[in-house]
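Novice: with the sequence up front, the predicted model follows.
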Amino acid sequence: MQLVVARIGRAHGIKGEVTVEVRTDEPELRLGPGAVLATEPAATGPLTIASGRVHSGRLLLRFEGVGDRGAAEALRNTLLIAEVDPDELPEEEDEFYDHQLIDLDVVLADGTEIGRITEISHLPSQDLFIVERPDGSEVMIPFVEEIVTGIDLEEQRAVIAPPPGLIDESEAVVASARDEDATPGDQHARPEGGDEAPEEQDRVPEGRDEAPQEQDKAPGDRGETPKGDV
């Protein structure tokens, strides 16, 4: 299985180094010296990593045969693709690769169907499930323990406990009215970060993989995705 592990950014310096938007939680394994990576577009590769280092919090790579800024700049926006055993699993029990999560059914604890995961969006502060509803609309579910209470790969489903307004906006209106009527001193326990709908911010818990996207992001990578998924 081919997974996108990084996207090449702009050239850095004059010796052929490039900045890299990491899209794997295992950069030391996927992006270490000597790694040979396929590319998209295919004509750009394969590329062999000659060296790597972190500069100002960002990974810099240099590839064999790329020795100056012009050659490095020509690689900009190229996707780096690693060949991965489809049966390979993350080391931690509560970690998942993106391809394990895509197409899972999303349900409430009582079995109510919410939709199907079509994409994993990796943002700086958290990861999001992009879920397609039965009516064709989409909803974004933050991949945090307070909301995603269980992942069952055998049953192919993700169980969620969404806060008011995350799935149905009318619930947010009712909850807001209830808060306004509360007497002074009343307190309502909420899941951390669960009182607002998800924002557009740049790992599935550590170890997830991501689909190739032509956009500036992080990654910071978080996760790899089967080549060709959008």
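Specialist: Great, that's in hand.
Novice: mind listing the helices for the protein?
Specialist: Here the chain has its helices, by DSSP state H, at 27-30, 69-73, 98-101, 169-181.
Novice: can you tell me which of those helices has the worst average pLDDT?
Specialist: Taking the mean pLDDT of each of the helices of the chain, the lowest value is held by helix 169-181, a mean of 48.
Novice: residue 116 against residue 129, yeah?
Specialist: No: look at residue 116 against residue 129 with C-beta atoms under 8 Å: they stay out of range, at 9.7 Å. For every residue, glycine as well, the C-beta is placed using N, CA and C.
Novice: which one of these two is surrounded by more residues?
Specialist: Using other C-beta atoms under 10 Å as the criterion, residue 116 and residue 129 rank with residue 129 on top: 27 against 19.
Novice: pLDDT value on the nearest residue to that one once chain neighbours are set aside, please?
Specialist: For residue 129, ignoring the flanking residues on the chain, the nearest one in space by C-beta to C-beta, 6 or more residues apart in numbering is residue 141 at 4.1 Å. Confidence at residue 141, expressed as pLDDT, is 94.
Novice: what is the burial count for residue 141?
Specialist: Residue 141, neighbours per other C-beta under 10 Å, totals 22.
Novice: can you pull the contacts of it?
Specialist: Contacts for residue 141 were tallied using C-beta atoms under 8 Å, 6 or more residues apart in numbering; they are 106, 128, 129, 131, 147, 148, 160, 162, 166, 198.
Novice: tell me which residues touch the third one, please.
Specialist: By C-beta under 8 Å, 6+ apart, the contact list for residue 129 reads 101, 106, 117, 119, 120, 140, 141, 142, 143, 148, 158.
Novice: closest to residue 48 among those residues?
Specialist: Nearest to residue 48 among those: residue 120, at 28.5 Å, using C-beta to C-beta.
Novice: how about that closest one: what's its closest non-neighbour residue?
Specialist: Counting by C-beta to C-beta, 6+ apart, the residue nearest residue 120 is residue 98, at 4.6 Å.
Novice: can I assume the one you found is in contact with residue 118?
Specialist: No: the pair residue 98 / residue 118 is not scored as a contact, 11.3 Å apart, by C-beta under 8 Å.
Novice: where does pLDDT dip in this structure?
Specialist: Scanning the chain for pLDDT under 70 picks out the ranges 86-93, 124, 169-230.
Novice: can you map out the strands along it?
Specialist: 2-12, 17-22, 36-40, 47-55, 58-63, 79-83, 105-108, 113-122, 127-132, 138-142, 148-152, 157-160 (DSSP state E).
Novice: which helices and strands does the first one pack with?
Specialist: In this case it means strand 2-12. Helices and strands touching strand 2-12, by 3 or more C-beta pairs under 8 Å, 6 or more residues apart in numbering; DSSP states H and E, are strand 17-22, helix 27-30, strand 36-40, strand 58-63, helix 69-73, strand 79-83.
Novice: need these in CSV with mean neighbour count and distance to residue 10, can you?
Specialist: Formatted as CSV, the helices and strands packed on strand 2-12 follow (neighbours: other C-beta atoms under 10 Å; distance: least, C-beta to C-beta, whole Å):
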stretch, mean neighbour count, distance to residue 10
strand 17-22, 22, 6
helix 27-30, 16, 19
strand 36-40, 17, 17
strand 58-63, 21, 11
helix 69-73, 16, 7
strand 79-83, 22, 15
